[in-house]
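Trainee: Fold the stuff below for me.
(one chain, ligands or ions: 4)
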Amino acid sequence: MKKKLVLVGNGMAGVNCIEQLLKLAPNRYDITIFGSEPHPNYNRILLSSVLAGDADMKDIVINERSWYAENGIALHTSHTVTGIDPVKKTVTTDKGLSAAYDELIIATGSNAFMLPVPGADKEGVIAFRDIKDCETMMDAAKHYKKAVVIGGGLLGLEAARGLLNLNMDVTVVHKHPFLMERQLDQTASILLRKELEGQGMRFLMSKNTEQILGKKRVSAIRFSDGTSEEADLVVMAIGIRPNIALARTTGITINQGIVVNDFMETNIPHIHAVGECAEHNGVAYGLVAPLYEQGAVIAKRLAGVETDGYHGSIVSTKLKVSGVDVFSAGVYADRPDTRSVRVQDDFAGIYKKAVIQDGKVIGAVLFGDIGDGSRLFKMIRTGEDVTGREREVLIPSSGAPAKSGADLVAEMPDDEVVCGCNGVTKGAIVSAIKEKGCSSIGEIKACTKASASCGGCKPLVGDVLTYVLGADGVKTVKEGMCGCTTLGRDEVVEAIRGMHLTTSKEVMNVLGWANEEGCSKCRPALNYYLGMVWPNEHEDERESRFVNERNHANIQKDGTYSVVPRMYGGVTTPEDLKKIADIALKYNVPLVKMTGGQRIDLLGVKKEDLPGMWADLDMPSGYAYGKTLRTVKTCVGETFCRFGTQDAMGMGIKLEKKFERLSAPAKVKMAVSGCPRNCAEATIKDFGVVAIDGGWELYVGGNGGTKLRGCDLLTKVKTEDEVIEWSGAYVQFYRETGKYNERTSEWVERMGLDTIKAALEKKEDRLALMERIEHALSLTKDPWKEIIEKRELNETFVPLSEETPATAG
Ligand SMILES: Cc1cc2nc3c(=O)[nH]c(=O)nc-3n(C[C@H](O)[C@H](O)[C@H](O)COP(=O)(O)OP(=O)(O)OC[C@H]3O[C@@H](n4cnc5c(N)ncnc54)[C@H](O)[C@@H]3O)c2cc1C
Ligand SMILES: NC(=O)c1ccc[n+]([C@@H]2O[C@H](COP(=O)([O-])OP(=O)(O)OC[C@H]3O[C@@H](n4cnc5c(N)ncnc54)[C@H](O)[C@@H]3O)[C@@H](O)[C@H]2O)c1
Ligand code: SF4
Ligand code: FES
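Mentor: Ligands and ions are numbered 1, 2, ... in the order given. The predicted structure follows:
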């Protein structure tokens, strides 16, 4: 007769242990699984992706109910085991069900820690741990605006990104002065904060929450320093505590978690513990990779396969926030007995650090480029001796060729885990390539689940592919626009054009979007493409726009806004200056600052003051917030400068007046210099004009931001009219072929300068492009004026909250 095996906890660690056991001894046990949640086993890690709109709830199920049936497993969901009788060897559930066991595995996971402050039980105060929490947040975002996430660790930041994607205003409250202080050193933490602020997250650092305010539902939280923050939703992400409630009632030895030995056995015979609830050598882990290693040990023991047990894990983490690459492993902080190798490139936004002790890499932090993550993690785990070549850990030596990723894969044994999140070994990936014909990361993901969770192992999976197939054999797969579709930008735009689709809903329906609401990536992109293809017919879908574009002002880190009126070519008048000064005084503007684009920024404006200020200013919006023409920077040119050969200011003003308000895939900056001394820095702009004797040089694709790129010379022309014609044709070609959010610096690299030159060199092509841009321009309106007119028409104040339905990053 088969022995009876009972698993308490239908989560990631417990069920993975059963999967491993079934591989080793498929028929050895009658298995029963109890789970408190109503769902079959799912990938908790991917809840962050579901919240962010990058995955669907149905995509995160690891094992469907049919899997349990096929493997003869009795599954009891919505059953919480409340008692264990170690003498009779039975368990009972809250619903009165009982089951006998010969072997019992406790895998009850963790509970999210909730701050024990007054008001923590109010409606709208939740954790982020399971499907229910995720659904609560998605639902709250439909009705409320202001979310506060308490905790700036991995979970808090992933929750915050998801809530931003759901169009909420998000503030992260962190107790520590630095984000992710458990994974990052201060440099990486500062870079991370800057990046996330750029995405629209606000931060309140070094704050201790004292009370949660509100009647039935939360309305604000108060801090120990007496300040407070409004909130309609509070998500606590301040760590987890092993769920030991059941073990406590059974007489099992507990400390922080359920105490286990190297074979994951508790002090009571035949009762094992695995996962976040277990404490091994004083450590309870909170990441899946070590939990799967623990599960492998139990599986082997129960299958009668020899094992030398579990001896603890070194962990690595990767933050799952799109647009930010952060990796951390092992020891990340400097200590007196360690030295570090650091590489920092402010232009590329990259920071790398490897911590070395006694000739061994013991930790690493990577920001901006995590390609070295797997290699460094391997060095940390194997304790490779790097004495004498410490610098080469991050900086390849000029002499000996650095080992390629594929070389490193060659040295890995087949049973080495490549994807920690899903417990996939090199051997499993190699056989998926050789036996199932997988030749891309996507195919490996579909076959083995490697890279399906945090994505941190993608570079290493790529290296395994190259190792087996050689660089030429690896398929690079076209990426869909977002998780909602496998179609790329060009296919979607082609369909919009070819099938005459004019609304996002229509696009999503007709093209079979996986998520019928779309996500934060595709909604604004579709809105742009539709407007670009059908400028007359498409009605701007304002709810798809990001907060700054909806509010026609840039939200600042303290929740106030900045107002930047248009100042063509950076030229102003005493009257305008006086008016701006009067308005700054009238509205108590705390800071007036010159911008890098030669205009005046009124900072710290309250949202409710915006329409009044715009009306008083009576100047066009400077669009300092939009994906459109921002500024045309100019030098004084020949009008005043003795070196000037052309009227730079006049040319700049003409360009700005011509193209203001035009929507584009991303912001567009221009500049005009009156001679090659180039005081207006025209050669790091999206479109730069530099005067030369008898004409102008036109430059394209520059960027002075995080990824510095000097312009390429497009052409030389003689007259101002030609400058307008070439610039209009160039901008329209970018509008028609650029991916949403792609700056011209990236677009020029992707398209190739020759393609762009070829598209613009014929006069008739330029004129055709010009005609289309003129048409788009003829339909634009100044947004500040529109709002003011609406207010006057209604003779009542149109609050921005009505005008702008929701907010996002
Ligand atoms: C949003 C989010 C993102 C994450 N991202 C990552 C990541 O990127 N990388 C990473 O490595 N880790 C990540 N984690 C952590 C990872 O999900 C956990 O480490 C892992 O799920 C723990 O597995 P477990 O089986 O120990 O616990 P769980 O997955 O929590 O499973 C325990 C299960 O047991 C059930 N249970 C509890 N008590 C009982 C009882 N008495 N009777 C019956 N059932 C019971 C619970 O309801 C639960 O379903 C993330 C976690 C969250 C919440
Ligand atoms: N990408 C990933 O690997 C990932 C993603 C999400 C969750 N997780 C895991 O899930 C678990 C939970 O994540 P977590 O981020 O909640 O845990 P954590 O313990 O890693 O981080 C909690 C953070 O909250 C802060 N904090 C504590 N008390 C606070 C307070 N009163 N006010 C403000 N801030 C406070 C801490 O300083 C800390 O940075 C962890 O085990 C984590 O590793 C991992
Ligand atoms: S770019 Fe030439 S014209 Fe313009 S200010 Fe500088 S030196 Fe003078
Ligand atoms: S390591 Fe996270 S998906 Fe592979």
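
Trainee: What residues does this protein have near ligand 3?
Mentor: Residues of the chain lying close to ligand 3 by C-beta under 6 Å from any ligand atom are 635-637, 641, 643-644, 648, 673-675, 677-679. All C-beta spots, glycine's among them, are computed from the backbone N, C-alpha and C.

Trainee: Inside helices: which ones of those residues?
Mentor: Among these, the ones falling in helices (DSSP state H) are Ala648.

Trainee: what about Ala220, which SS state?
Mentor: Following DSSP: H, G, I helix; E, B strand; the rest coil, Ala220 is assigned to strand.

Trainee: Closest one of the residues of the chain next to ligand 3 to Gly109?
Mentor: Asn678 (60.7 Å; C-beta to C-beta).

Trainee: Could you find the closest non-adjacent residue to that closest one?
Mentor: Closest residue to Asn678 apart from its sequence neighbours, by C-beta to C-beta, 6 or more residues apart in numbering: Val690 at 5.8 Å.

Trainee: Where do the helices of the stretch 551-700 of the chain begin and end?
Mentor: Using DSSP state H, counting those that start in this stretch, the helices of the stretch 551-700 of the chain run over residues 574-586, 610-617, 648-659.

Trainee: picking that back up, tell me, how many residues neighbour the residue nearest to Asn678?
Mentor: 26 (other C-beta atoms under 10 Å).

Trainee: pLDDT score assigned to it?
Mentor: pLDDT for Val690: 97.

Trainee: need the contact list for it.
Mentor: Neighbour list for Val690: Val672, Ser673, Cys675, Pro676, Asn678, Ala682, Thr683, Trp696, Glu697, Tyr699 [criterion: C-beta atoms under 8 Å, 6 or more residues apart in numbering].

Trainee: let's see 10 Å
Mentor: Residues near Val690 by C-beta atoms under 10 Å, 6 or more residues apart in numbering: 645-646, 648, 671-678, 680, 682-683, 696-699, 711, 713, 716.

Trainee: coming back round to it: out of the residues of the chain next to ligand 3, which end up buried?
Mentor: Among these, those classed as buried by neighbour count (16 or more other C-beta atoms under 10 Å) are Cys635, Val636, Gly637, Cys641, Gly644, Ala648, Ser673, Gly674, Cys675, Asn678, Cys679.

Trainee: Which members of those residues are the farthest-apart pair?
Mentor: Val636 and Asn678 (13.2 Å).

Trainee: on that earlier part again, ok, of the residues of the chain next to ligand 3, which one's closest to ligand 4?
Mentor: Asn678 (46.6 Å; C-beta to the nearest ligand atom).

Trainee: Can you name the residues of the stretch 401-550 of the chain that neighbour ligand 4?
Mentor: Residues of the stretch 401-550 of the chain lying close to ligand 4 (C-beta under 6 Å from any ligand atom) are Cys419, Gly420, Cys421, Asn422, Ala450, Ser451, Ala452, Ser453, Cys454, Gly455, Gly456, Cys457.

Trainee: which of the residues you listed lies closest to ligand 1?
Mentor: Checking those one by one against ligand 1 (C-beta to the nearest ligand atom), the nearest turns out to be Cys454, at 3.9 Å.

Trainee: Can you report how many residues neighbour the one residue in the stretch 551-700 of the chain that gets nearest to ligand 2?
Mentor: Going by C-beta to the nearest ligand atom, ligand 2 is nearest to Lys557 of the stretch 551-700 of the chain, at 17.2 Å. A count of neighbours around Lys557, defined by other C-beta under 10 Å, yields 13.

Trainee: Tell me who's in contact with it.
Mentor: Counting by C-beta under 10 Å, 6+ apart, Lys557 makes contact with Thr171, Arg193, Glu197, Gly200, Met201, Arg202, Phe203, Leu204.

Trainee: Just the buried ones from the residues you listed, in PyMOL syntax?
Mentor: Buried residues within the contacts of Lys557, by 16+ other C-beta under 10 Å, are selected in PyMOL with:
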select buried, resi 171+193+200+201+202+203+204
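
Trainee: farthest-separated two in the contacts of Lys557?
Mentor: Checking the contacts of Lys557 with C-beta to C-beta, the most distant pair is Gly200 and Leu204, at 15.0 Å.

Trainee: Pick out the residue closest to the middle of the chain.
Mentor: Residue closest to the average C-alpha location in the chain (C-alpha atoms, centre = their mean): Ser322, at 2.1 Å.
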